[in-house]
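Enquirer: got a predicted structure here, sequence first:
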Amino acid sequence: MDVGILVGVTLVAALAVGLVAWLIARLMAGAEELTMWPILLAILASLAVLQGAAKLAVIVDGLYARMGVDAAKALEGQFRVVVFAASFVPIAAYVVTFLLVFRRVKGAS
């Protein structure tokens with residue numbers, strides 16, 4: 001099973017959403033009073049992470065197609081299962097990073 005592209009795309013997505021979660025958590029934890037705007041920003045970022053995870057299959061399929069390889073054959077017929085499992089990595093990265101950074105910043109102040 002050739003999962004190199006899938007793992008690479010998944011890790012890049014996880015790093016990107018981890019960075020976004022870090023920024024939003026610091027912004028929210030550092031605020032003295034949470035107004036509508038930081039909460040709205042956190043909600044929109046969460047929705048964007050969910051959409052990005054949903055588009056992971058399209059991105060991976062496109063990269064395999066660009067290489068001239070059928071994604072289903074490269075992943076031994078398990079394309080949907082493998083991409084479904086991989087889509088949880090960016091979501092988990094966002095949630096865990098947000099919670100850890102928020103707790104650390106809020107606990108320090």
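Expert: Thanks, I have it.

Enquirer: any idea how far the closest residue to Ala54 other than its chain neighbours lies from Ala53?
Expert: Once flanking residues are discounted, Ala54 sits nearest to Ser87: 6.9 Å by C-beta to C-beta, 6 or more residues apart in numbering. Every C-beta, even on glycine, is put in place using the N, C-alpha and C of the backbone. Distance, Ser87 to Ala53, by C-beta to C-beta, to the nearest Å: 4 Å.

Enquirer: neighbour count for these two, which is higher?
Expert: Taking other C-beta atoms under 10 Å, Ser87 and Ala53 do not tie; Ala53 has more neighbours (24 against 20).

Enquirer: go through the host helix or strand of that one and flag the buried ones.
Expert: Using DSSP states H and E, Ala53 sits within helix 36-54. For helix 36-54, a neighbour-count test (16 or more other C-beta atoms under 10 Å) marks 38, 42, 45-46, 49, 52-53 as buried.

Enquirer: and the spatially most central residue of the chain, what pLDDT?
Expert: By C-alpha atoms, centre = their mean, the chain has its centre lying nearest to Pro90, at 2.6 Å. We have a pLDDT of 95 for Pro90.

Enquirer: next, the buried residues of whichever helix in the chain runs longest.
Expert: Ranked by number of residues, the top helix in the chain under DSSP state H is helix 4-30. Residues of helix 4-30 classed as buried by neighbour count (16+ other C-beta under 10 Å): 5-6, 9-10, 13-14, 17-18, 20-22, 24-25, 27-29.

Enquirer: which neighbouring elements make contact with that helix?
Expert: Judged by 3 or more C-beta pairs under 8 Å, 6 or more residues apart in numbering; DSSP states H and E, helix 4-30 is in contact with helix 36-54, helix 56-66, helix 79-86, helix 88-108.

Enquirer: if you set the cut-off to 6 Å instead, what comes out?
Expert: On a contact count with 3 or more C-beta pairs under 6 Å, 6 or more residues apart in numbering; DSSP states H and E, helix 4-30 meets helix 36-54, helix 56-66, helix 88-108.
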